[in-house]
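Peer 1: Just need the structure, nothing else, for what follows:
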Amino acid sequence: MPEVERMCSVSPVLAGVSTPLHVLVADMCGRHHSELVVPHLTSSQVPAFAQFELAPGLMCPSPELVALQMTEYATDLELLLLVDELCGYYGIQPHAKAGLVKRSDPLTSVEKISRLLDSVGPCRGAAKLRRALSLARVRSGSPPESKTVHRLEFCARRGGYGLPVVGLNNALLTDRADGIILGSGVRIRKPDIMLLVPREAEVGTNMPFRAVAVDYKGIYHRDPWQDKLDVNRRNELLARGVKDYEMEASHASDLEYMDWLAAKIREDLGMSEPRRAKASEDAYRARRALLARELGRIDGLSWTARDVPLIMAGHRKWDETTS
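Peer 2: Residues are numbered from 1 along each chain as shown. This next block holds a predicted model:
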């Protein structure tokens, strides 16, 4: 560990890195925790493409390897949201003004993480990470988007509403509401969450919608100018046959509201409401409440799969109203 401490003191690359540094070691003999360094034992060979040099003699794991490493510390849901983040357009950063930073491109993809798993073969955490990959949603723009999409699409057994989500931030061509004035007739819209009418839906001849969108309203949407732009957005989507619902942070913690929203979306999509016995409905409600609580407490900085949680630097209670 003295060598790592020396690197931190002389490397400009590491000067702004939050401590403690979490480092991989092949042998724990003689290793110790300090305020600067926390060692983690690795028993598998790290592929060359899964690391890059951060400073002379110090390698940094790729985003794909980070996902595999965190299987030891993250619960299934925490790991799922980590994959969403790595494959999305945001990064949780507690020192940023909004608690996160926006990315123009994802750090990795489901395919790249799968490639890493194929390369390392059977190892600790591989099966857990593959389960997360099977449920992950790419192109998410924020933690609330990730949490909401999983609540909407998870099956009833997992505490979700079983709705047919197509994707997040998918491009949709619409007619511009201001096209006559600006001289341009079309615009690309990217609803946060898109749901399409399933083929087996009970679609009537006069059904007004072909799809439903759900958009999360963060704090910047409260600006009067942005609110005007949001009105254009909703109207353009409606003209395209897409009914656009909006959500705020308070809605996510209101189970009755989410139940109502899911029921309305199901109705708009021509889907019948499943019938359940009283005991079955009570158990299902408990699962919905549990999923909401579990997702609500995840902040992307606390990892609680172990008896002693791993708390990353900058941990704070996540405030969804800032995203």
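
Peer 1: helix or strand right after the lowest-mean-pLDDT helix or strand in the chain?
Peer 2: Sorted by mean pLDDT, DSSP states H and E, the helices and strands of the chain end with helix 179-182, the least confident at a mean of 47. Remark: after helix 179-182, the chain's next helix or strand is strand 186-189, criterion DSSP states H and E.

Peer 1: contact partners of the next helix or strand after that next one?
Peer 2: Counting by DSSP H and E, the next helix or strand C-terminal to strand 186-189 is strand 193-196. Contacts to strand 193-196, defined as CB atoms under 8 Å, 6 or more residues apart in numbering, come from residues 145, 148-149, 152, 163-168, 170, 172, 210-215, 242, 265, 269. Heads up, the C-betas are built off the backbone N, CA and C, glycines and all.

Peer 1: Drop the exposed ones from those residues and show what's left.
Peer 2: 145, 148-149, 152, 163-165, 167-168, 172, 211-215, 242, 265, 269 (16 or more other CB atoms under 10 Å).

Peer 1: Residue 174: which element?
Peer 2: Here residue 174 is assigned to strand 172-175, by DSSP H and E.

Peer 1: Mind listing the strands that strand pairs with, and their directions?
Peer 2: Strand 172-175 has its sheet partners listed here by DSSP bridges as strand 186-189 (antiparallel).

Peer 1: Okay, buried residues for the partner strand please.
Peer 2: Neighbour-count burial for strand 186-189 [16+ other CB under 10 Å]: 187, 189.

Peer 1: contacts for that strand?
Peer 2: By CB under 8 Å, 6+ apart, strand 186-189 touches 171-176, 179, 233, 236-237.

Peer 1: do the same with stretch 295-305
Peer 2: 70, 72-75, 77-78, 81-82, 85, 92, 94, 143, 147, 150-151, 252-253, 309-312, 314-318.

Peer 1: at 6 Å what do you get?
Peer 2: 73-75, 78, 81, 92, 147, 309-312, 315, 318 (CB atoms under 6 Å, 6 or more residues apart in numbering).

Peer 1: Now do it, average pLDDT.
Peer 2: When pLDDT is averaged along stretch 295-305, the result is 94.

Peer 1: low-confidence ranges in the protein?
Peer 2: 1-10, 15-16, 28-32, 43-44, 177-184, 202-207, 220-221, 313-323 (pLDDT under 70).

Peer 1: the strands in it, which residues?
Peer 2: With DSSP state E as the criterion, the chain has strands at 21-25, 37-41, 51-55, 58-61, 90-92, 100-102, 165-168, 172-175, 186-189, 193-196, 211-216, 242-247, 302-303, 310-311.
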